[in-house]
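> Fold the following and give me the result.
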Amino acid sequence: MNREKWFAVNYLALISVLTIIAVVVIRLFAPSEFPPMLFIVPLFFCLTLGVMVFLKRLCAKRRRDTAFFFLEYRIVKLLMALVLIVVYAVAVRDCLLSFAITFAVFYMSVMTFETVHFIKGERKS
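Model prediction:
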């Protein structure tokens, strides 16, 4: 399995595990704080995987350095995350704190996974 497929499979597995953990923890410890739109969090990170693939192909097509892709992707992902949190806060408002904490845990976990993957890729090249 090539590196991109391995990354995508493990990325989706991480999102799945984080989703299960988040649902179980919130349902067990704070069922009244369960966000009604929690399913948006894993969907957001699946969308960012697609954005990552698109930006990586775009950078490869333009013959840009991998470091440029990495920085570009992080900025786009951060802006998308800010838009999502603001839209949720304005539109839903229900259980905002638990939604934001869950989103932050996902974001930090995924960012750590991506960073480790990119560092390993840079060492090999």
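
> give me the low-pLDDT residue ranges for the protein?
Per-residue confidence of the chain (counting by pLDDT under 70) places the weak regions at 1, 125.

> Spatially central residue for it, please.
Using CA atoms, centre = their mean, the residue of the chain that lies closest to the mean C-alpha position is Phe45, 3.6 Å off.

> Report the secondary structure element holding that residue.
Phe45 is located in helix 40-61, with elements delineated by DSSP states H and E.

> Now the element after that helix, going C-ward?
Going down the chain from helix 40-61, the next helix or strand is helix 66-91, by DSSP H and E.

> which residues does the residue nearest to the centre of the chain contact?
Listed by CB atoms under 8 Å, 6 or more residues apart in numbering, the contact partners of Phe45 are 15, 106, 110. Quick note: C-beta positions are derived from backbone N, CA and C, even for glycine.

> starting at the chain centroid, how far to the helix holding Phe45?
Taking the mean of its C-alpha atoms, helix 40-61 sits 9 Å from the chain's own mean (CA atoms, centre = their mean, to the nearest Å).
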